[in-house]
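**Student:** sequence and predicted structure below; questions after.
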Amino acid sequence: MFTPQTPVQVSPQDYERQVVRWLSSATNAPVDLKFEHLKELEGSGGLYEIDAVGTLTLLGGMEIKIIVECKRYTRKVEREVLLALQAKKDDVGAHKAMIVSTGGFQSGAIEYATQKGICCMSLVDGDAVMLTKSLEAPKALNTSPRSFAGVMLERKGDGLTHASNIFGNNIKPLADWLRA
């Protein structure tokens, strides 16, 4: 399973803005998709500050709400964090949820997220990520002074974790998730 060897050292604001940039550019279809950084949403449980909130407007007025949480952890995200995100998604009436982590994910978290349709992504330093069959963790390939890549994770029927890379202009896996 993909877990960064060393969690990315990035400020919370730069981290969240990178995620918003990826999401904002994830569609080239003629739809109205807008993402906002640090937006408050209200649910029956109170007011929530969400790291990024997207609104996709279809058919002249139907809105699809997407919430994104960015976890700047040095440890793997646990299943309980995904349970809380799912509860928050339901409470604010969002249609989709995504979580981005600097420290990777526990296998139970990815399994739960896959069952609930939550997108899990690891943020890494570099322009791309090289995945090999090896005992070593994947390494980011740095070709510019400060750039990031993302690795979207999900469990497949065979129990293995599937990874899709997000980097530079390669955002197709993210666009596919938004359309699903």
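**Tutor:** Perfect, I can see it now.
**Student:** low-confidence ranges in the chain?
**Tutor:** 1-5, 26-31, 59-60, 126-147, 157-163, 167-170 (pLDDT under 70).
**Student:** and the helices in it?
**Tutor:** For the chain, helices defined by DSSP state H occupy the ranges 12-24, 79-92, 107-116, 172-179.
**Student:** what does the second one rub up against?
**Tutor:** Here helix 79-92 makes contact (Cβ atoms under 8 Å, 6 or more residues apart in numbering) with 41-45, 48, 50, 65, 67, 69, 71, 94, 96-97, 99, 106, 108-109, 111-113, 116, 118, 120. All C-beta atoms are positioned from the backbone trio N, CA, C, and that covers glycine.
**Student:** coming back round to it: nearest to residue 32, out of the helices of the chain?
**Tutor:** helix 12-24 (11.9 Å; Cβ to Cβ).
**Student:** could I have the CA atoms of that closest one written out in PDB?
**Tutor:** Included here for helix 12-24 are C-alpha records, laid out as PDB according to Å, rounded to 0.1, in the frame of the first residue of the first chain:
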ATOM      1  CA  PRO A  12      -1.500  24.100   5.800                       C
ATOM      2  CA  GLN A  13      -2.400  27.000   3.400                       C
ATOM      3  CA  ASP A  14      -0.100  25.900   0.600                       C
ATOM      4  CA  TYR A  15      -1.300  22.300   1.000                       C
ATOM      5  CA  GLU A  16      -5.000  23.100   0.900                       C
ATOM      6  CA  ARG A  17      -4.500  25.600  -2.000                       C
ATOM      7  CA  GLN A  18      -2.700  22.900  -4.100                       C
ATOM      8  CA  VAL A  19      -5.600  20.500  -3.600                       C
ATOM      9  CA  VAL A  20      -8.100  23.300  -4.600                       C
ATOM     10  CA  ARG A  21      -6.000  24.000  -7.800                       C
ATOM     11  CA  TRP A  22      -6.100  20.300  -8.800                       C
ATOM     12  CA  LEU A  23      -9.800  20.100  -8.200                       C
ATOM     13  CA  SER A  24     -10.600  23.400  -9.900                       C
END
